[in-house]
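In: Have a look; sequence and predicted model below, questions after that.
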Amino acid sequence: MAQDTTSPSHDILSTAELWAKSGRLVAVATVIETWGSAPRPVGSHLVIDEDGNFEGSVSGGCVEGAVVSEAVDVIETGKPAMLEFGVADETAWQVGLSCGGRIRVYVEPLVSSKHS
């Protein structure tokens with residue numbers, strides 16, 4: 001049975017913590033703002049590891065591919081990134097937000113507490 005990553009009972013942040021505790025380098029992407037028609041609400045999360053494995057959802061389709069790619073860079077550099085996708089951007093049609101909405105996604109590396 002597939003996990004329902006959109007239900008409130010599925011805690012993506014717990015997944016991030018488990019992955020980090022197992023030694024994986026992890027980034028967390030969070031929808032922080034939406035305008036118009038957006039596939040996921042503010043507060044939706046996507047957790048990504050250094051190999052590009054991910055769980056959760058911040059949008060859908062090609063947007064998630066772009067977020068995963070950026071998250072791998074965030075993991076490598078240790079520097080967070082602010083991403084925005086929308087129909088006003090020339091890349092909107094490429095990444096799948098042709099519905100007229102826009103989303104802003106904050107991507108940050110998860111720092112393990114075992115290094116403190």
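Out: That came through fine.
In: tell me which helix or strand of the protein sits lowest on mean pLDDT?
Out: Lowest mean confidence among the helices and strands of the chain (mean pLDDT, DSSP states H and E): helix 92-95, at a mean of 50.
In: What is the subsequent helix or strand relative to that one?
Out: For helix 92-95, the following helix or strand on the C-terminal side (DSSP states H and E) is strand 102-110.
In: same for that following strand, what does it pack against?
Out: Where contact means 3 or more Cβ pairs under 8 Å, 6 or more residues apart in numbering; DSSP states H and E, strand 102-110 is packed against helix 12-21, strand 26-35, helix 61-77, strand 81-86. Just so you know, the C-beta spots here come from the backbone N, C-alpha and C atoms, and that holds for glycine as well.
In: Mean neighbour count, those: which tops it?
Out: Highest mean neighbour count of the helices and strands packed on strand 102-110: strand 26-35, a mean of 20 (counted as mean count of other Cβ atoms under 10 Å).
In: From one end of stretch 73-82 to the other, what's the distance?
Out: This stretch, stretch 73-82, spans 12 Å end to end (Cα to Cα, to the nearest Å).
In: Now residue 110: closest residue in space, sequence neighbours ignored.
Out: Nearest non-adjacent residue to residue 110, counting by Cβ to Cβ, 6 or more residues apart in numbering: residue 26, 4.2 Å away.
In: ok, now which ones touch that neighbour?
Out: Contact partners of residue 26, counting by Cβ atoms under 8 Å, 6 or more residues apart in numbering, are 16, 19, 20, 47, 48, 49, 50, 75, 109, 110.
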